[in-house]
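Undergrad: Model the structure of this input:
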Amino acid sequence: MIAMATPRAARTGGRRLGSLQARLLHFDLFMLSTTIVLMGFGAVAIWSADGSGSVSLGNDGVKQALFGVVGLLLSFVLAGIDYRFFASAAWVIYGFGLSLLALVLIPGIGTEILGGRRWFDLKFITIQPSEFVKITTLIALAAFIASRGSAMREFGNFVLSLLIVGAPMVLIAAEPDVDAAIVFGVIWLSMMVVARTRLVYILVLAALAPAALAVVYRFGLQNYHRVRIQAFLGIIEEPLDASFQANQAEISIGSGGWFGYGLAGGTQSRLNLLTIRESDFVFAHASAMFGFVGMLALFACFIILLWRCLRVVELARDSFGQLFAIGVAGVICFQTFINIGMNVGLLPVAGIPLPFVSQGVSSLWSFLLAIGILQSILIRHRKLGFQPA
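TA: I've put the predicted structure just below:
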């Protein structure tokens with residue numbers, strides 16, 4: 001005997017279906033498609049940089065593509081969770097992130113590579129917690145500023161906001177990874193643009209910045225960092241071994257012409273003159289592959305992605321959503337500018353990955369998690385009323 005649905009059950013089911021359909025209408029397909037294009041671009045560039053070998057797990061580009069698929073699934077999961085949950089659990093999430101940063105510094109737990117203890121070696125995958133702590137700090141700072149509202153004009157709350165980003169910055173600088181630590185300053189500055197704080201606090205902080213930078217330069221940087229900065233400013237003539245990679249990157253970009261050399265990449269990559277071309281210098285390698293036209297397409301993708309992030313700022317229904325979205329936009333914009341800037345010789349060389357493109361599962365997944373939360377904000381940016389049965 002087949003059970004018949006009652007009118008009440010039918011109405012309830014109809015309301016749920018209508019609510020789901022209404023929310024899916026607000027899912028940002030431009031953001032999703034642009035993210036996938038950037039990931040695909042990165043996977044192909046990394047595949048080429050690793051030797052354009054067979055399509056197998058032995059190639060880093062294939063691994064990056066598989067990590068991207070997993071990351072997209074995680075992004076969809078987060079999009080299905082009400083973003084206000086993250087605001088309510090912000091301090092638990094933030095504390096978990098700080099715990100990871102503390103654990104990675106412990107010998108025997110954190111893995112040391114080239115003098116830096118920044119990774120957890122899980123045998124099948126290597127995780128860099130500082131990348132994920134960007135997201136936990138974004139959540140915590142957005143929740144804090146949103147909860148304070150106009151009380152952010154108080155000096156005590158202004159100082160607390162600095163401490164929220166300062167704690168992970170100190171732990172990451174101790175790894176040492178000063179380049180990654182700088183990103184947390186960008187997170188803070190991005191949110192302060194829309195936070196209701198006093199301008200005088202920021203002006204005082206800006207006045208103190210030169211002294212703080214001098215202290216960081218003297219005590220916080222490794223010697224190779226100082227050599228790069230001094231050479232970039234023309235204070236010293238940079239040693240050939242220190243400038244070699246930057247020079248090869250510029251040659252690779254310039255040699256690409258309008259349409260590039262194709263999947264094999266340029267001469268610098270084929271002769272292995274351009275190293276670290278899967279991560280730090282992936283832009284230079286990709287420029288030789290796809291040429292000026294290909295890089296214009298890449299720039300267009302980043303501009304579209306930033307536009308869609310700022311659209312979330314406009315549409316978010318609460319301060320937490322707005323703050324989180326503008327923080328994500330700030331990080332994407334900053335890392336893109338720094339990575340490309342150092343590739344073309346406009347900035348000193350820094351270990352800042354190009355979002356969604358550079359090799360690295362931690363960076364890729366952290367940005368995809370951020371995209372998932374942005375989608376959650378979008379599909380819940382309006383209060384959904386009852387749908388007719």
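
Undergrad: Under the pLDDT cut-off, which ranges of the chain? List them.
TA: Filtered on pLDDT under 70, the chain yields the residue ranges 1-25, 52-53, 220, 224, 231-242, 382-389.

Undergrad: Quick check: what element follows the lengthiest strand in the chain along the chain?
TA: When the chain is parsed with DSSP state E, its longest strand is strand 116-121. Next helix or strand after strand 116-121 toward the C-terminus (DSSP states H and E): strand 126-127.

Undergrad: Parallel or antiparallel, which strands does that next one pair with?
TA: According to DSSP bridges, strand 126-127 forms sheet pairs with strand 116-121 (antiparallel).

Undergrad: List the buried residues in the strand it pairs with.
TA: R117, R118, W119, F120 (16 or more other CB atoms under 10 Å). C-beta: built from backbone N, CA, C; applies to glycine.

Undergrad: Out of these, which comes closest to G372?
TA: Set against G372, the nearest of the buried residues of strand 116-121 by CB to CB is F120 (22.0 Å).

Undergrad: Now do the contacts for that closest one.
TA: L100, L103, V104, I109, G110, T111, T126, I127, Q128, P129 (CB atoms under 8 Å, 6 or more residues apart in numbering).

Undergrad: Helices - which of these land there?
TA: The members of these that map onto helices under DSSP state H are L100, L103, V104, P129.

Undergrad: Taking those, please make a PyMOL selection of just the buried ones.
TA: In PyMOL, this line selects whichever of the ones in helices among the contacts of F120 come out buried by 16+ other CB under 10 Å:
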select buried, resi 100+104+129
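
Undergrad: Quick check: the two most widely separated of the ones in helices among the contacts of F120?
TA: Pairwise distances across those (CB to CB) peak at 7.9 Å, for the pair L103 and P129.

Undergrad: Okay, S88 and F320: tell me how far apart.
TA: 10 Å (CB to CB, to the nearest Å).

Undergrad: ok, these two, which is more surrounded?
TA: Shown here are S88 and F320; by other CB atoms under 10 Å, F320 has more neighbours (23 against 12).

Undergrad: Which helix or which strand is home to the more buried one?
TA: Here F320 is assigned to helix 319-343, by DSSP H and E.

Undergrad: List the buried residues for that helix?
TA: For helix 319-343, burial by neighbour count (16+ other CB under 10 Å) applies to 319-336, 338-340, 342-343.

Undergrad: mind listing what L103 touches?
TA: The contact partners of L103, by CB under 8 Å, 6+ apart, come to I109, G110, F120, P129.

Undergrad: again, only this time at 7 Å
TA: L103 makes contact with I109, G110, according to CB atoms under 7 Å, 6 or more residues apart in numbering.

Undergrad: how close does it get to L163?
TA: As judged by CB to CB, L103 and L163 stand 21 Å apart.

Undergrad: who does the host helix or strand of F283 touch, helix- and strand-wise?
TA: Here F283, judged by DSSP H and E, is contained in helix 282-315. Judged by 3 or more CB pairs under 7 Å, 6 or more residues apart in numbering; DSSP states H and E, the packing partners of helix 282-315 are helix 29-49, helix 240-255, helix 267-270, helix 319-343, helix 361-379.

Undergrad: and D177, which of the ones you listed is closest to it?
TA: D177 lies closest, by CB to CB, to one member of the helices and strands packed on helix 282-315: helix 361-379, at 12.0 Å.

Undergrad: what does that closest one contact?
TA: By CB under 7 Å, 6+ apart, the residues outside helix 361-379 that reach it are 23-24, 26-28, 31, 35, 67-68, 71-72, 74-79, 81-83, 86, 125, 127-128, 131-132, 134-135, 309, 312, 315-316, 321, 324-325, 328, 353, 355-356.

Undergrad: Off-centre distance for that helix?
TA: Centroid separation between helix 361-379 and its chain, computed with CA atoms, centre = their mean, to the nearest Å, is 9 Å.

Undergrad: CA-only coordinates of it in PDB, if you can.
TA: Extracted C-alpha coordinates of helix 361-379, given in PDB (Å, rounded to 0.1, in the frame of the first residue of the first chain):
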ATOM      1  CA  VAL A 361      47.800  22.300  -1.600                       C
ATOM      2  CA  SER A 362      47.600  24.500   1.500                       C
ATOM      3  CA  SER A 363      47.400  27.800  -0.400                       C
ATOM      4  CA  LEU A 364      44.900  26.300  -2.900                       C
ATOM      5  CA  TRP A 365      42.600  24.800  -0.300                       C
ATOM      6  CA  SER A 366      42.700  27.900   2.000                       C
ATOM      7  CA  PHE A 367      41.500  30.100  -0.900                       C
ATOM      8  CA  LEU A 368      38.900  27.600  -1.900                       C
ATOM      9  CA  LEU A 369      37.600  27.500   1.700                       C
ATOM     10  CA  ALA A 370      37.300  31.300   1.600                       C
ATOM     11  CA  ILE A 371      35.400  31.100  -1.700                       C
ATOM     12  CA  GLY A 372      33.000  28.600  -0.100                       C
ATOM     13  CA  ILE A 373      32.300  31.000   2.800                       C
ATOM     14  CA  LEU A 374      31.800  33.800   0.300                       C
ATOM     15  CA  GLN A 375      29.200  31.700  -1.600                       C
ATOM     16  CA  SER A 376      27.500  31.000   1.700                       C
ATOM     17  CA  ILE A 377      27.200  34.700   2.400                       C
ATOM     18  CA  LEU A 378      25.700  35.300  -1.100                       C
ATOM     19  CA  ILE A 379      23.100  32.600  -1.000                       C
END
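
Undergrad: if we can go back for a sec, with distance to H285 as new columns, can the buried residues of strand 116-121 be given to me in CSV?
TA: As requested, the buried residues of strand 116-121 are exported to CSV (distance: CB to CB, whole Å):
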residue, distance to H285
R117, 28
R118, 23
W119, 23
F120, 28
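
Undergrad: Thank you, goodbye.
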